[in-house]
Structure formats: structure tokens, C-alpha cells
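In: Sequence and computational prediction follow.
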Amino acid sequence: MYEDLDRPPLQPRLLNRSLPPPWREVRVLEEIGSTNDYVAALARQGEREGLVVVAEHQFLGRGRLDRQWVSPPRAGLTFSVLLRPPVPPATRPWVPLLLASAAARALSQRADLDVTLKWPNDLQVGGRKLGGVLAESTGDAVVAGFGVNVSTRRDELPRDDATSLALETGDVVDRGPVLLALLRAMGPAYTSWSGEPADAARLYRERCDTIGREVVVTLPGGESLEGEAVGVDDSGCLVIRAADGTTTAVSAGDVVRTRGRPSSPGA
Ligand code: BT5
């Protein structure tokens, strides 16, 4: 029995019915430190691509740059997928971004919301963080971990600018159908991808709400860069144009948007 009626457990049998390729299996774990660590360990042991591991409770969830991903049991979706994309190593970083673009589209349709991407890997609604993606690779495997807040209440979220599907829609949202919608969007996006960075970049730009905004980007070393985010190039870097007209392509960092609305999101 579970006590919170808004948070029913996932049903592996339903989740494993009619999964599109490349997904082979959705494995539901009751509790694990990090689904990314679990899947990466399996990848190193030779696990084939197409495994999806979901945790009902993840107690050591990781974000980028040693940050944490926190979510109460069964409040959100915390899962990782294993892929072995037949593309050169330099192209692999596009795989999680391609999946994130498909995820944003699926969440938008499913919940009737405008879910966009904040560069590089946030799923957001109106500037509020709904989810995030942590991509890691081991050998030729890509492990893409997704955290999505589903029934999470305001007092359970770690930041004021975080949100959940329930908070945005005002409805009770069941995680099972949301996970299926995500996998059904991400599977075909992956299998139909040409492997060309430019094709993944086009899909990513269509969903990226950072482009066209005035931003401050904090770089991993602590420095920051200010200017207009004018695009995301074909290697996934955010291109910033400073007030003096110089442009810089940034490969990692955190974006704080200061103002501006994208004039044409696909540009
Ligand atoms: C991310 O990192 O947004 C990537 C999160 C990926 C989590 C998934 S869950 C399944 C898989 N297994 C893992 O161990 N991880 C992946 P980043 O951009 O670094 O954002 C982390 C920051 O987001 C934290 O420092 C908090 O400020 C904030 N944060 C933590 N939990 C959050 C939540 N539930 N909702 C919104 N923001 C959150």
C-alpha cells in the first residue's frame, strides 16, 4: 500500500507494453542512489542499448558540476536511458540534447504547456525549472538521466524558480503516462536521427528559449560573460554577443537571463 493517493507507484507491466525502438526494457527500482550511476555501471559491463531505469526514489541524485537533484519518493520521474549511438565521439553530446528536445515537445503536448529548453539542459516552463538532463558517457555508451518534477509541491522544491507539472497545470498528474509519452517521443527522435549534428541542432534550436535573450553566463571557472545569446552552434555551444560586438562560443556554464524575448525561437 502507498499512503499518498496523488503518488501511485509506477507499474512496470504497463510501462513495458508497446515500447518503440530503441527501448527494450523499462526497469523500475524502488530506491537507488543515482540511476545514472546504476546505468553507467551496467554500460561498462556491456549492457546493450535501449535499457531505461526509473527510480521510485533516488536519494543521491546528481546534477551537473557536482550539484544535486532532489525529489521526494514518487513525486517526479527520475530515470536514465542507455544508448550506444553509432556516431563519432564528437557527435555524442548531441544525443542527450536531441532527447531533451523530444522530451520538451512531449511534455508540452501531454500537459498542454509550453515546455522549452534553457541552454544547455534544463526543461522549463515560463522560466521555471521543471526538469533537467544529466548526460554522461562511458566508452561508446551515452547515459542520459532525466529528472522531471511531476506532483512535487512548492514546499518540496529546492528553489523558488522550480516548478512541477502539477503546479503548472493545477491537476493531479500520473507519472506512468508521462514516462510513456517521453519514451514514445524520444525513441523515434533517436532512431530517425541522421547522425548529423546540424539536424540535431535544428531540433534543439526550435525548443531553446535562451536564444535571443540578454543573458549572463557563469562559466565553470567562476568567470561570467554578459551579452545577447545569439545562437547555439553545431557543436552545441551557446554563442554570446557582447555589447562591443565580439562573439564567444561557450561550451559549458549556467545561464541567468536578464531580459529579452526571443524574436524567432528557431533562428
Ligand atoms: C540538472 O543539473 O538539472 C540535471 C538533473 C538530472 C537529474 C537526473 S534524475 C535521473 C538521473 N540520475 C541522476 O543522478 N541524475 C539524473 P543542473 O543543471 O546542475 O541543476 C541542478 C540544480 O537544480 C541544483 O543545484 C538545484 O539548484 C536545482 N534542483 C535540484 N533538484 C531540483 C528539482 N527537483 N527541481 C528543480 N530544480 C532542482
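Out: Arrived safely.
In: how many neighbours does the residue of the stretch 101-250 of the chain found nearest the ligand have?
Out: Ranked by C-beta to the nearest ligand atom, the top residue of the stretch 101-250 of the chain for proximity to the ligand is Gly132, at 1.9 Å. C-betas here are computed from N, CA, C, even on glycine. Gly132: 23 surrounding residues under other C-beta atoms under 10 Å.
In: which other residues reach the helix or strand where it lies?
Out: Under the criterion of DSSP states H and E, Gly132 resides in strand 128-138. Residues from elsewhere that reach strand 128-138, judged by C-beta atoms under 8 Å, 6 or more residues apart in numbering: 36, 40, 43-44, 62-64, 69, 76, 89, 92-93, 95-97, 99-100, 103, 107, 115, 118, 121-124, 142-149, 159, 161-165, 168.
In: Name the residues of the stretch 1-150 of the chain found near the ligand, please.
Out: By C-beta under 6 Å from any ligand atom, the residues of the stretch 1-150 of the chain that approach the ligand are 34-36, 58, 61-65, 67-71, 78-80, 121-122, 129, 132-134, 145-147, 149.
In: what do you get for the stretch 151-267 of the chain?
Out: 157-159, 162.
In: please redo it, this time with the cut-off set to 5 Å
Out: Proximity of the stretch 151-267 of the chain to the ligand, by C-beta under 5 Å from any ligand atom, involves residues 158-159, 162.
In: Can you flag the buried ones in the residues you listed?
Out: Buried subset of these (neighbour count, 16 or more other C-beta atoms under 10 Å): Ala162.
In: Save the residues of the stretch 151-267 of the chain next to the ligand as JSON lines, and put in distance to Leu14 and secondary structure too.
Out: As requested, these are exported to JSON lines (distance: C-beta to C-beta, whole Å; DSSP: H, G, I helix; E, B strand; the rest coil):
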{"residue": "Pro158", "distance to Leu14": "30", "secondary structure": "coil"}
{"residue": "Arg159", "distance to Leu14": "32", "secondary structure": "coil"}
{"residue": "Ala162", "distance to Leu14": "28", "secondary structure": "strand"}
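In: Tell me where the stretch 151-267 of the chain has helices.
Out: Ranges of helices within the stretch 151-267 of the chain are 165-169, 175-191, 197-207, based on DSSP state H, counting those that start in this stretch.
In: ok, now the stretch 1-150 of the chain?
Out: With DSSP H, counting those that start in this stretch as the criterion, the stretch 1-150 of the chain has helices spanning 12-15, 35-44, 94-111.
In: can you put those in CSV and add mean pLDDT and mean neighbour count?
Out: Formatted as CSV, the helices of the stretch 1-150 of the chain follow (pLDDT from 0 to 100; neighbours: other C-beta atoms under 10 Å):
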stretch, mean pLDDT, mean neighbour count
helix 12-15, 96, 14
helix 35-44, 98, 20
helix 94-111, 97, 23
